[in-house]
Structures are given as structure tokens and as C-alpha cells.
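Participant: predicted model follows, preceded by the sequence.
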Amino acid sequence: MISLRYVMLVILIFVNTLVNASTLEEVLEKKYIQFAFYENFPPFSYEDESGKIVGIDVDIAQLVADKLEVKLGKRLLAADESVDDDLRNGVWKGHFTAGGPSDVMMHIPYDPAFARANDKVAFLQPYFKELIAFAVNTYRIKNSSSLEAFFNDPIGVETATLADAYLLGAHGGKLRDNVKHYVNIAEAVKAMVDNEVYAVMATRSEIEFNLKKYDQDFLVTKLPTPGLTLDGWTLCAAVKADNVKLAKRLNEIFSELKASGDIERVFKSYGLNFKEASEKEIITPYNAQYAIE
Amino acid sequence: MKLLSYSRDAAVIALAASLTALPATSAFAVSDSDILNDAETTNDVVSYGMGPQGQRYSTLTQINDKNVNKLVPAWTYSFGGEKQRGQESQPLVSNGKIFVTGSYSRAFALNSQTGEEIWQYDHRLPEGILPCCDVINRGGALYDNLFIFGTLDAQIVALDQETGDVVWKEKIDEFKDGYSNSAAPLIVKGKVITGVSGGEFGIIGRLEARDAKTGKMVWVRPTVEGHMGTLNGKDNGISGKTNASWPGDLWKTGGAATWNGATYDPEVDLIFVGTGNPAPWNAHMRPGDNLYSTSTVAIDPDTGKIAWHYQFTPNDGWDYDGVNETVSFNNGGKKLAGHADRNGFFYVLDRTNGKLVNAFPFVNQIDWAKGVDLKTGRPIETGVRPGDPSASTDGKKGKQIFVAPSFLGGKNWMPMAYSQATGLFYVPSNEWGMDLWNEPVTYKKGAAYLGAGFTIKPLNDDYIGALRAYDPITGKRVWEVKNKAPLWGGVLATAGNVVFTGTPEGFLKAFNAKTGEELWKFQTGSGVVGSPITWTEGGEQYIAVPSGWGGAVPLWGGDVAKAVKSLNQGGSLWAFKLSK
């Protein structure tokens, strides 16, 4: 665990020094807001073949910047050990080699317990709900109603994801020998197309996006996952907790973008189904108490 | 072209005679025999460990237990810039130059008598590189006219000793995939031997041998069962037997990083490399020994084949990397090796075959095992293991355990010393434990994940670090010296009955090798977490050590990090000699 772990930040617009994220006034004055996104994370944030930073999170950030009438800075941030670390690197502190924090970071889980543990960050209202799903080759797996199918047949996961950790331990380890590990979901889905595995467990967004490339009919479904404590979570943008005015303004903008259907349109443009975060799952930003009048 | 087994005195004469006739580099070429004899030749330090066996022992006696209190600075050199942080390097000395690496993949060559800079090399790191455990480097290697060291972006760079110009540069692996390099390379039979540092997930430990003069790959030996090695570009047999000690396809991403380098002993002609923990972190997911994680692996330097292995922590569940150095020593006609593991036990192995000869605790509290069975060579576990997160169905925090040592180890990377004069090992150890629990819901890359939580806790109010002298044959602790902060620097022993080591509080200290009595200390201005060396030049014995607090403790140390918060960073090299 303590062997050296690397994370890379590609800083595209500013060469950072350790400075604070900008306040709303500074953003408006500079006409510039910098968002941090996870790197290598299709369909949310990734470099396309021409090297351009694209994706659902990037497009949403562009809509936010447009509403503010400022230019969008895009910074790709590789995942550290946990999102707690990512928030430190991306939002509230920065990193001693990679420079200062960005103004906003996308794709942050919205979870009260997680928010309490990260009190240096304000969590804005969530913009969608992610689900854990299975893609199943129903020609190979006839009874796709439970995980028992995979006591004997191979199933693909991305290494070191929730699906990986869950399946290795599920049903007392009975699937363990059939769990095949891939570096990302694109590779896992390709392995399913090639009949190396007969199913893939991952987030629904990644499954849907990667299946689009192939002209094959796989079932995308939920399966019973006994013991899995969480099979879905909502996602939001985050800013530094004391950046109160910016948090408040961004929160208004996210409300507008949700109400106008703009966010849903971005998901659809990537060929994805969109699931809204349900109403009970927040209106107020966590940790930015002063933003609420 | 290369002057084989040139004696150092002859080299000096040759220089005087032929400075203009020959390129200076060839006259001072560091040869294989120079490296093998490093421990005996006192006018240079041409290898990490002061000899490839890694004893860190010098036969010099000019500085000794009677006069070490008259040690004064000869010079000091600042690494400069804003790039300070942890300085974990060991310097090298040859041909009137001292070579040292610094944080952020920098290297420096100075006049070894005056400290005046000859050249500085700043490796161009990729934009925004973000290592987990500080930006340290542990040192370089000398060979021929080259100074060779590894970089944070997983490259190996060979510089001209005279100019600091790059002679060759090779990529070890993709830093974007989590690979890095921070250990000092080892030179064996004209080959430069390097391991890999890297992330928790997906990387595979391996040892590589390249032609030291050109960087051309000779062999690769993976340290995870099932992976194919190569020799001169051709398949050279897989390591171990596929799936013998791993379930499913987990061997493909098995970890076992070789991040702390290797040692070599010419008597048995074997390289000894330590390996890190297996992946994934949750041991319940990978029943089996998970070879060759948390082991010392002995590798033939000519073929890259595994001769033997000894595993310290089978099916590791506590993150006890086995990367600590394996130091060769002889006793009673036996060819032995000593290893002080993260897991709290000191192991004595027969280095001809890897069989366990002796094992004893070198820290006061070990919770995970009662001892090591000398017949089977396996630990006698107590059952203090983290719970299985997949067994928790209520979504609550899993069972919490407290276990000592912490994952930072009874001893971490910092090299111990073995004195041929006293027959004792001097082990920089730390007394700390950790709370470990499973978190049913954590988040990773914007998604839910099953994670583990930990907090490191000191075991005593008054100290964490302790420099300890052990008799490897009896397992008896001869003396100890406590230190408030955790010890994180290397140790040096000399025939002058002195043991040197540094402290995070900033002192370089000298102790009586037989009694542990503190004889001298000097405040270097920042924490000492590098490794001291000694050599003679112009008739005077020098001691040198880097200074600069940093490394894993302030980043990972939990409660301990709070205790060391006041320590300031730095970056300098200090040299000392006796006052006249």
C-alpha cells in the first residue's frame, strides 16, 4: 500500500502555484473558472483521439461556465487512493508537486457521511444518480436472474473497483475464480464481445457507453447483489467549503440546468440513459451552511 | 578500453601520468572489482550499502569512540531551490567527487573535500506528477564513468561523472500506469539492477538487469508467480508456477513491488531483492501465500532465474511489505543473511538456500504472530487479522483491530548496519501500532468502493524510534537508544567502535558500538532521513550525510504525523571530519 503510488495531473491552462481557488468575484473578474475532472474516465471526462478533453462532466462544466459568462479551464486529475484525497488535491489544498487546487471538481459522491468526513469541501446539489449494473450475454447465460450463473462462468470487472471487491467476496468466494480483471470497462466490454467473459459488472454509465461501440445485443440489467451495501449513489460538483458565494451561485446554476433539461440532454448526447437524483437526495449543499440564507 | 580491476593507487598514478593522454573518465573508471571491494577500500564509497552485501561497515578507525566528540563540519552544501522535502539518499565518493541524489529526481556532484559544486542534474519530471509518498530518492550507483540513478517518472538515467551530461536514459515503465523508481540501483557484473516502485493496483513487481554502460536490457524477472521472465529478449521461464498460490486471475495484478532495491553477495553469486505487499489489499479475497509477495527473492545475476525465496508474511493482511534489505554476513563458517522485516521479526537466513536459521522480534510488541516456526519457516499467527468486509451485510463499519507493528513497520526502508568488529546488527526500529477496520462505503474515482481505514498510533508516550543492537545468532538485544520521533534514516558502523545514524529532530548522532552510549551529536538544520557514509581523503576520515525531513511519516503517519508536525523541511549535504 505504501509503495509509491502515482497520480498525474495534466494542467492545461495555468501552470499552478500553490494558490487558493478563486472566489465568485475573482472568477467573474478574471472571466475564468477552472474545473478538475477525473482523467481517463469515459464517458465523463477523457481525451478524445485528437487530445481534446471531452465528456459528460466536461460538457456540463461548459454549460456552467457559459451561465457565468466566463471561460472554462479544464484540468484532468488522476484518481488518488480515495475521493477524500482527490478533494484535497483538486479542491481545497492542491498537491506539493502538482500545484494548487481548482475552483470546482466534478463527479463527487453526494453522501451525508462522506460529506461530514470532508468538512473542508462544500458539496453542491447532485446532478445525476449512478447505478451498479450488469451487462449479460444472454446467449451464454440463460438464467440471468442471479449471480449463481457465475459460479461456473466468467464475469469481467475493472481492477480495484466496487464490482471487483464485491464479486471476489460474494457468495463466500464462490465466484472468485471466475472473476476476470481488466484495466478498464472498455477492455472488459471488449472481452465480453470476444466471448472471454459472459457478463460485466460496472457502473451503468460505463457499461452503456462502451456497449454502444458494438453492434451486439447484450442485456443491461440489475441483479440481486446480497451484501452489497450500495448499488447506486448520487454525484455532484464540489468547491472549497469557505468559498461560500461561489458555492451558492453554482448551486443555483445546477438547479437551472437540471430544470431546463440541459443536463439530461448532455447524457443523451453520449447515448446514455439519465437517472435524476431523487428529491429526497438533497437540495442544500453540505458543509457550506453559510450559503443558505 | 575499460581498465579492469585497476587498483585505486594505480589509478591515481595513472592520472598523474596521463591526464592529457587519456580521457580522464577512463582513468577513474569504477570497475566491478572496485564495487566488490568497496567495503575494504576506505578511500571511496562506490556502492549503495558501502559494498553490495549492504553491511554499511567501514574498517576506518581514525574517527573512533575516543575522539568522535571532536567531529566538526568540514563543509555543507544546499540542494537549493524550493524543492526541499525528504532527502533519503546515500552519497557515493570516487575520484575526489561526492555524488548525491536529492528530492524531485535531482543529482549533484561536488568536490568531496570542499563541497564545491561540480555539476547539478535536474531530471525533467512530467507536468504535475503526483507521487503518494513524497518525492524522495535513495541514491545512485557508480560504474565506469557513469553515475546512474532512477527517477520518479520511472526512468533510469546514466550521467557522465565528470560533466553530469546524460550518457543514456531508459524508461523502466509508464509512470501513468503507476510505476516509479526511487531505490539506488545495484551494479553486478557490469549490469545495473533495478526494481520498480508503484501503485497498489495493477502493477507487477520485477527486477531488471541492463548493461550498465549502454542501458540495454539483459534480463527481466517478475516477482509474482505466473509471469514470464526474459533473457536477452527471449522468454526465460515463468516465475514460480501459475496459480499455485493465488486464486483466479489475481496473479495478473499481484503487486509485490521491488521498490527498495537489492543487495548482492559474490560468495554465493546471488542477488537478494525484497518484495512488497500483494494486491488487492483485502487478504480474504486472495487465499493462498500469494508468492512472491513480502519475500526476499534470490536471483542468479547471469540468468535472472530465481534460486530461492523466503516469504516473511504469507497472505499478508497488514501491509507488511517485505522490501527491507537483506544483508549478507558470515558467522562460524556459515554464509548467512540478516533481514529486519516490517512485520517486527528479525530473520537470519542461510543465504546459500534461503532456509531459516533464526528469527526473533526486534520490536517490543508484535500482535499478528507469536513467533516464527524455525522448522517450517512460517509465522505462528495469532489470528489478529482485519475482518472480511464482504462478510459485513449491515453496511456498518467492520470489526476494528489494533495490531503492532503498524504498516510503516518495525523497520521501514532505512538500511541497518552490520559491524564485523562487534558481530552486531544495528537496527533503526520504531514502536507503533495501527487501528485497522473495513469501511463498507468509501469512495474511489467518484464511485463507491470497499475500503480499509487505518490510524497509526505510538505505543509509548516518550518515544517511537529506537536504535537497537542485536546479536543475530542469539537474538539478544545488546543495547538500545530511544528517540522521540520515528527513526527514518540509515545506519553506519565503523571499526572505530562507532555507530552513526540521524534523527528526524535534525541530529546526526554517534554511539559507542558496544554500549550504545551517545558520544556526539550535531544539529544539521532539518531532519536526517538519509544514510551516512565514511571515507578517507588527504589522510583525513570524513563522515557525510544528507539532511532534509520528509518521506512517508508526515504523509501517512496518523497520530504520529501530528507528533512530527513541527519538523521543518530542508535539503543539504553535510560533511564532517575531526577538528585539528
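Facilitator: Everything's here; your move. Source: prediction; values computed, not measured.
Participant: the strands in chain A, which residues?
Facilitator: Taking DSSP state E to define them, one finds strands in chain A at A:6-11, A:32-38, A:46-47, A:53-54, A:71-77, A:104-110, A:121-123, A:128-136, A:155-158, A:179-182, A:199-203, A:219-221, A:232-240.
Participant: can you say which of the ones you listed is nearest to residue A:258?
Facilitator: strand A:128-136 (9.0 Å; Cβ to Cβ). C-beta coordinates here come from the backbone N, C-alpha and C atoms, glycine included.
Participant: tilt between the closest one and strand A:199-203?
Facilitator: 170 degrees (axes from the mean of the first three to the mean of the last three Cα atoms, to 10 degrees).
Participant: what's in contact with strand A:128-136?
Facilitator: The contact list for strand A:128-136 (Cβ atoms under 8 Å, 6 or more residues apart in numbering or on different chains) reads A:144, A:162-163, A:189, A:192, A:198-205, A:207, A:211, A:218-223, A:225, A:228, A:230-235, A:263, A:267, A:274-278, A:281, B:447-448.
Participant: go again using 6 Å as the cut-off
Facilitator: Applying Cβ atoms under 6 Å, 6 or more residues apart in numbering or on different chains, the external contacts of strand A:128-136 come out as A:144, A:199-201, A:203-204, A:207, A:218-221, A:223, A:231-235, A:275, A:277.
Participant: what strands flank it, and is each parallel or antiparallel?
Facilitator: Here strand A:128-136 has these sheet partners by DSSP bridges: strand A:199-203 (antiparallel), strand A:219-221 (antiparallel), strand A:232-240 (antiparallel).
Participant: near chain B, which residues of the stretch 51-200 of chain A show up?
Facilitator: For the stretch 51-200 of chain A, the residues in contact with chain B (Cβ under 6 Å from any Cβ of the partner chain) are A:79, A:82-83, A:95, A:97-98, A:107, A:109, A:159-160, A:162, A:165, A:168-169, A:176-177, A:179-181.
Participant: and chain A, what are its domain boundaries?
Facilitator: As assigned by automatic domain parsing, chain A contains the domains A:9-129+A:235-278, A:130-221.
Participant: okay, and residue B:236 sits in which element?
Facilitator: In this structure, residue B:236 sits in strand B:234-238 according to DSSP states H and E.
Participant: hmm, back to that, now the contacts of strand A:128-136: which count as buried?
Facilitator: By neighbour count, with 16 or more other Cβ atoms under 10 Å in any protein chain shown, the contacts of strand A:128-136 hold A:144, A:199-201, A:203-204, A:207, A:218, A:223, A:231, A:233-235, A:275, A:277 as buried.
Participant: name the nearest residue to residue A:64, sequence neighbours excluded.
Facilitator: Excluding its sequence neighbours, the residue lying closest to residue A:64 (Cβ to Cβ, 6 or more residues apart in numbering or on different chains) is residue A:253, at 5.3 Å.
Participant: mind pulling up the pLDDT for the one you found?
Facilitator: Looking at residue A:253, its pLDDT is 96.
Participant: how close does residue B:284 sit to residue B:500?
Facilitator: The gap separating residue B:284 from residue B:500 is 44 Å, by Cβ to Cβ, to the nearest Å.
Participant: more neighbours, those two?
Facilitator: Neighbours per residue (other Cβ atoms under 10 Å in any protein chain shown) separate residue B:284 from residue B:500, with residue B:500 holding more: 32 against 19.
Participant: doesn't residue B:530 make contact with the more buried one?
Facilitator: No. Contact criterion Cβ atoms under 6 Å: residue B:500 and residue B:530 do not qualify, at 11.4 Å.
Participant: endpoint to endpoint, stretch B:503-513 covers what distance?
Facilitator: End-to-end distance of stretch B:503-513: 17 Å, with Cα to Cα, to the nearest Å as the criterion.
Participant: next, the residues that contact that stretch from outside, please.
Facilitator: When contacts are defined by Cβ under 6 Å, 6+ apart, stretch B:503-513 is touched by residues B:65, B:68, B:419, B:422, B:483, B:485, B:493, B:497-500, B:502, B:518-524, B:526-528, B:545, B:549, B:564, B:567.
Participant: redo that, cut-off 7 Å
Facilitator: Here stretch B:503-513 makes contact (Cβ atoms under 7 Å, 6 or more residues apart in numbering or on different chains) with B:65, B:68, B:419, B:421-422, B:481, B:483-488, B:493, B:497-502, B:517-529, B:532, B:545, B:549, B:564, B:567, B:574.
Participant: tell me the mean pLDDT over that stretch?
Facilitator: Across stretch B:503-513, pLDDT averages out at 97.
Participant: one more: stretch A:89-101?
Facilitator: Mean pLDDT, stretch A:89-101: 82.
Participant: now the strands of chain A as JSON lines including distance to residue B:53 and mean pLDDT?
Facilitator: Below are the strands of chain A laid out as JSON lines (distance: least, Cβ to Cβ, whole Å; pLDDT from 0 to 100):
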{"stretch": "strand A:6-11", "distance to residue B:53": "32", "mean pLDDT": "32"}
{"stretch": "strand A:32-38", "distance to residue B:53": "46", "mean pLDDT": "96"}
{"stretch": "strand A:46-47", "distance to residue B:53": "48", "mean pLDDT": "96"}
{"stretch": "strand A:53-54", "distance to residue B:53": "51", "mean pLDDT": "97"}
{"stretch": "strand A:71-77", "distance to residue B:53": "44", "mean pLDDT": "94"}
{"stretch": "strand A:104-110", "distance to residue B:53": "50", "mean pLDDT": "96"}
{"stretch": "strand A:121-123", "distance to residue B:53": "51", "mean pLDDT": "93"}
{"stretch": "strand A:128-136", "distance to residue B:53": "53", "mean pLDDT": "94"}
{"stretch": "strand A:155-158", "distance to residue B:53": "43", "mean pLDDT": "97"}
{"stretch": "strand A:179-182", "distance to residue B:53": "39", "mean pLDDT": "96"}
{"stretch": "strand A:199-203", "distance to residue B:53": "49", "mean pLDDT": "97"}
{"stretch": "strand A:219-221", "distance to residue B:53": "59", "mean pLDDT": "92"}
{"stretch": "strand A:232-240", "distance to residue B:53": "52", "mean pLDDT": "94"}
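Participant: now these in CSV, with distance to residue B:510?
Facilitator: Output for the strands of chain A, formatted as CSV (distance: least, Cβ to Cβ, whole Å):
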stretch, distance to residue B:510
strand A:6-11, 38
strand A:32-38, 49
strand A:46-47, 55
strand A:53-54, 56
strand A:71-77, 46
strand A:104-110, 50
strand A:121-123, 48
strand A:128-136, 59
strand A:155-158, 53
strand A:179-182, 51
strand A:199-203, 58
strand A:219-221, 69
strand A:232-240, 48
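Participant: which one, of those, ends up nearest to residue B:115?
Facilitator: Residue B:115 lies closest to strand A:6-11 among the strands of chain A, at 33.5 Å (Cβ to Cβ).
Participant: where does pLDDT dip in chain B?
Facilitator: Applying pLDDT under 70 to chain B flags residues B:1-27, B:128, B:130, B:132-133, B:199-201, B:390-398, B:557.
Participant: keeping just the C-alphas, turn stretch B:29-43 into CSV.
Facilitator: Taking C-alpha atoms only, stretch B:29-43 is exported to CSV below (Å, rounded to 0.1, in the frame of the first residue of the first chain):
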residue,chain,number,x,y,z
ALA,B,29,36.5,4.2,-14.3
VAL,B,30,34.7,2.4,-11.5
SER,B,31,35.1,-1.3,-12.1
ASP,B,32,33.3,-4.4,-11.0
SER,B,33,36.2,-5.3,-8.6
ASP,B,34,36.1,-1.7,-7.2
ILE,B,35,32.5,-2.3,-6.3
LEU,B,36,33.1,-5.8,-4.9
ASN,B,37,35.9,-4.5,-2.8
ASP,B,38,34.1,-1.4,-1.7
ALA,B,39,33.9,-2.4,1.9
GLU,B,40,37.7,-2.9,2.1
THR,B,41,38.8,0.1,0.2
THR,B,42,38.4,3.1,2.5
ASN,B,43,39.3,5.9,0.2
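Participant: now it, how far from the centre of its chain.
Facilitator: What separates the centre of stretch B:29-43 from the centre of its chain is 20 Å, taken as Cα atoms, centre = their mean, to the nearest Å.
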